[in-house]
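Asks: Got a predicted structure here, sequence first:
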Amino acid sequence: MKFLSKFYIGLIFLILYAPILVVIIFSFNSSGSLSSFSGFSLYWYRELFRDGEALKALKNSLFLAVTSSVLATLIGTLAAFSISRSKNKYYKRLAEGVSNIPMMNPDIVTGVSMMLLFVGVGTIIGVSDTLGMWTMLMAHTTFNLPYAILQILPRFRQMDKSLTEAALDLGCTPAQTFFRVELPYIMPGVISGLMMGFTLSLDDFVISHFVSSPDFKTLPLYIYNQTAHEVKFSMYALCTLMIVVILILLIAVNVAGSAGESRQRKKEKKTTGVSK
Amino acid sequence: MKKRSVFERIAAAPHLLWSAIFIIAPLLFVVYFAFTDREGNFTFENILSLSSYSHTFLMSIGFSLIATAVCFLIGYPLAYCMARMSEKTRNILMIMLMLPMWISLLIRTYSLMALLDNGGIISTFLTSLGFEKLTFIGTDAAVILGMIYDFLPYMVLPIYTTMTKLDRKYLEAAADLGCNNRQTLFRVILPLSMPGVISGVTMVFVPSISTFYISQKLGGGSFDLLGDTIERQFKNAITYHTGAAISLVMMILILISLAVMNKFSDSEEDIIV
């Protein structure tokens, strides 16, 4: 039984990873063949870095990933703060419900609806080409926001309320309490919210497809354009690089998360004197 | 404490404002476009004209149902096997399961295409074995396989999570009371892991029914699923009204199926995302 389940897990993971491995291996192929590996070479990587458009897309992607995740985390932190502290039931339900909409809706509907908003508002104010960097930033922030709240809200809920009360009693202003007591406590949530937003933004294709313009392309949009009609091996190289970046980020999040947890466990051990 | 509550209210404002502009208003725009014609007059024409897309609707629903069912049949045993591993192995498997979820859908679909392509490894291998040259890209099976491949981790993860949270005492009780492994699986584990199954089903069904990239790439451009139709209406066509109507109907269909599925699950727990 144990052997069978190990075999099954191995098999499914092999199938899950086979296509990705094929792309990674063939990005180092010295020839342009999809079926035979004729020798190791970095030719396609050199080709990729010679491509000015690819570098521009990389710059756009990084800019968007950083700005949208920071903006979403900022708004999300404040929102999580008031959702966890508010006594108004309707507000809580409204705020959490509205966050759920982009997570439940298919991406294509989110993309299309935002496109209609931007084009619609553009028509009203008389601007014909509204789509571009700013609409991309707004869209990416919007789909990052629920995930930021999802990461940060549990931290606020776990936090002992007496810490906040103590700070206020001891004469901190609400702002001081927030920055000196609450913010440090929720920091792990803030960081994972940032990283999650960064990856979501870097990866997104569907929503970007609808709210972008040809002169502001991100990496996924660039890959989409380049692979529309033919197989391009420099795109394999780009995909490989993106997979490596995501892998590093994922490991960083996990290491940071488990390090934070074990540090906290240690602290608890110290304060309660109970060893696990 | 009064100052504090003012601070709380101010902190809520950016999120509410942002959601109103970028989540609620866009949906209102979809509704507006779905019920107006080019001159902006109110009309049911767009919705009524959807009857000519009934084939698209049925095909999309069929494809996503098959993909979801296969994902469940593959994913449930996988989650079950994973949950029985030691904690150390489980953590590694968990990261391995999440990595594909973090890689862009675009890249994963493109990789699958590289493997299945007509000059790719599998077809070259089969030809060298003496099989006739077969084309896989462009068939129904390729599109459904793409959905399964892309969304399988989304099925496994929530089921796996509910399984690891299962109280082992239930399993011991079942065994003590004379259940064999199979009975324990079908009478105890399966009902208790239902919330995970439901969120897994949603997380596979919703992206499957709305995809356009998978059918474009693996379908060889000859497929008209719901997503393709919406995409074409918005990216190529001059009018947004039909596209908005299709999006609206699709959204309502999804909401109804979500509500029905949540009814079926006894648990009060929210969908795990």
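Replies: Nice, I can see it. None of the values given here were measured: they were computed from a predicted structure.
Asks: Kindly report the residues of the stretch 51-200 of chain B close to chain A.
Replies: Counting by C-beta under 8 Å from any C-beta of the partner chain, the stretch 51-200 of chain B comes close to chain A at B:74, B:77-78, B:80-82, B:84-85, B:93, B:95-96, B:98-100, B:102-108, B:110-112, B:114-115, B:117, B:119-121, B:123-124, B:149, B:152-153. Where C-beta positions appear, they are placed from N, C-alpha and C, glycine not excepted.
Asks: part of a helix, is B:Ala237?
Replies: No. Looking at B:Ala237 with DSSP: H, G, I helix; E, B strand; the rest coil, it is coil, so not inside a helix.
Asks: and it, what pLDDT?
Replies: What the model reports for B:Ala237 is a pLDDT of 71.
Asks: if I pick it, what's in contact with it?
Replies: Residues near B:Ala237 by C-beta atoms under 8 Å, 6 or more residues apart in numbering or on different chains: B:Gly243.
Asks: Any stretches of the stretch 51-200 of chain B with poor pLDDT?
Replies: B:133 (pLDDT under 70).
Asks: what are the ranges of the helices in it?
Replies: For the stretch 51-200 of chain B, applying DSSP state H, counting those that start in this stretch gives helices covering B:54-83, B:87-102, B:105-116, B:121-128, B:140-165, B:168-176, B:181-184, B:190-192, B:194-210.
Asks: how about those helices in JSON lines, adding mean neighbour count and distance to A:Leu202?
Replies: Putting the helices of the stretch 51-200 of chain B into JSON lines (neighbours: other C-beta atoms under 10 Å in any protein chain shown; distance: least, C-beta to C-beta, whole Å) gives the following:
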{"stretch": "helix B:54-83", "mean neighbour count": "19", "distance to A:Leu202": "25"}
{"stretch": "helix B:87-102", "mean neighbour count": "16", "distance to A:Leu202": "9"}
{"stretch": "helix B:105-116", "mean neighbour count": "23", "distance to A:Leu202": "11"}
{"stretch": "helix B:121-128", "mean neighbour count": "15", "distance to A:Leu202": "28"}
{"stretch": "helix B:140-165", "mean neighbour count": "22", "distance to A:Leu202": "18"}
{"stretch": "helix B:168-176", "mean neighbour count": "12", "distance to A:Leu202": "39"}
{"stretch": "helix B:181-184", "mean neighbour count": "13", "distance to A:Leu202": "43"}
{"stretch": "helix B:190-192", "mean neighbour count": "13", "distance to A:Leu202": "37"}
{"stretch": "helix B:194-210", "mean neighbour count": "24", "distance to A:Leu202": "18"}
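Asks: Excluding covalently adjacent residues, which one is nearest to B:Leu248?
Replies: B:Ala34 (4.5 Å; C-beta to C-beta, 6 or more residues apart in numbering or on different chains).
Asks: Quickly note the distance from the one you found to B:Ser52.
Replies: As judged by C-beta to C-beta, to the nearest Å, B:Ala34 and B:Ser52 stand 16 Å apart.
Asks: And B:Ile61, by the same measure?
Replies: As judged by C-beta to C-beta, B:Ile61 and B:Ser52 stand 16 Å apart.
Asks: Just list the residues touching A:Met138, thanks.
Replies: By C-beta under 8 Å, 6+ apart, the contact set of A:Met138 is A:Met114, A:Val211, B:Phe22.
Asks: In helices, which of those fall?
Replies: Within those, residues falling in helices by DSSP state H are A:Met114, A:Val211.
Asks: Adding pLDDT, distance to B:Gly130 and neighbour count as columns, could you present the contacts of A:Met138 in a markdown table?
Replies: Below are the contacts of A:Met138 laid out as a markdown table (pLDDT from 0 to 100; distance: C-beta to C-beta, whole Å; neighbours: other C-beta atoms under 10 Å in any protein chain shown):
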| residue | pLDDT | distance to B:Gly130 | neighbour count |
| --- | --- | --- | --- |
| A:Met114 | 95 | 52 | 28 |
| A:Val211 | 93 | 50 | 27 |
| B:Phe22 | 95 | 57 | 21 |
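Asks: ok, how many other residues are close to A:Glu96?
Replies: Around A:Glu96 there are 16 other residues, counting by other C-beta atoms under 10 Å in any protein chain shown.
Asks: Quick check: the nearest residue to B:Val188 once chain neighbours are set aside vs chain A, distance?
Replies: Distance criterion C-beta to C-beta, 6+ apart; nearest residue to B:Val188, sequence neighbours excluded, is B:Ala174 at 4.7 Å. Computed as C-beta to the nearest C-beta, to the nearest Å, the B:Ala174 to chain A distance reads 17 Å.
Asks: My guess is B:Ala174 contacts B:Arg187. True?
Replies: Yes. Counting by C-beta atoms under 8 Å, B:Ala174 does reach B:Arg187; the two are 7.2 Å apart.
Asks: Now do the same contact list for the residue nearest to the spatial centre of chain B.
Replies: Closest to where the C-alpha atoms of chain B average out (C-alpha atoms, centre = their mean) is B:Val204, at 2.7 Å. Shown in contact with B:Val204 (C-beta under 8 Å, 6+ apart): B:Ser64, B:Ala67, B:Thr68, B:Cys71, B:Phe72, B:Met147, B:Phe151, B:Leu152, B:Tyr154, B:Met155.
Asks: And it, how far from A:Thr142?
Replies: Counting by C-beta to C-beta, the gap from B:Val204 to A:Thr142 is 24 Å.
Asks: again with A:Asn254
Replies: Using C-beta to C-beta, one obtains 27 Å as the distance from A:Asn254 to A:Thr142.
Asks: do the same with A:Ser208
Replies: To A:Thr142, A:Ser208 is 12 Å away according to C-beta to C-beta.
Asks: just B:Ile92 next, same as before
Replies: Applying C-beta to C-beta to B:Ile92 and A:Thr142 gives a distance of 34 Å.
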